[in-house]
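Undergrad: following is a predicted model, sequence given first.
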Amino acid sequence: MKIQLLFFGIATDMTGQNSIAYSLTEKATVKQLKEALLKDYSGLKNIQEFAIAVNEEYATDEIMIKEGDVIAIIPPVSGG
């Protein structure tokens, strides 16, 4: 299935992209997406610390991803 990935902050630097179309197996979860992204983008080695939003809603690892979903990869923010 095809989904849209949006990268923010340091994730943009790690992937060299800010938005891509991405293919994923049917009935994939957010956790499976993270695993796939680690294989494709080794720079995202700390992806377990990143927030993931599916269609503008923060998502847990168990959330099922559907065809056409827009997934945002949001790294932790620091500063003050």
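TA: That came through fine.
Undergrad: pull the CA atoms of the worst-scoring helix or strand of the chain on mean pLDDT into CSV?
TA: Within the chain, judged by mean pLDDT, DSSP states H and E, the helix or strand with the poorest mean is helix 10-15; its value is a mean of 90. Written as CSV, here are the backbone C-alpha positions of helix 10-15 (Å, rounded to 0.1, in the frame of the first residue of the first chain):
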residue,chain,number,x,y,z
ILE,A,10,16.4,16.4,12.3
ALA,A,11,14.5,13.6,10.6
THR,A,12,14.6,15.7,7.4
ASP,A,13,18.4,15.8,7.7
MET,A,14,18.7,12.1,8.4
THR,A,15,16.6,11.1,5.4
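Undergrad: and that helix, which residues are buried?
TA: 11, 14, 15 (16 or more other CB atoms under 10 Å). From N, CA and C alone the C-beta is placed, and that goes for glycine too.
Undergrad: contact partners of stretch 19-26?
TA: For stretch 19-26, the surrounding residues in contact (CB atoms under 8 Å, 6 or more residues apart in numbering) are 1, 2, 3, 4, 5, 6, 7, 32, 33, 36, 65, 71.
Undergrad: circling back: so after the least confident helix or strand of the chain, what's the next helix or strand?
TA: The C-terminal neighbour of helix 10-15 among helices and strands, as given by DSSP states H and E, is strand 19-23.
Undergrad: who does that following strand pair up with?
TA: Sheet pairing for strand 19-23, assigned by DSSP bridges, gives strand 2-7 (antiparallel).
Undergrad: from residue 66, how far off is residue 57?
TA: 13 Å (CB to CB, to the nearest Å).
Undergrad: which one's more surrounded, those two?
TA: residue 66 (13 against 9; other CB atoms under 10 Å).
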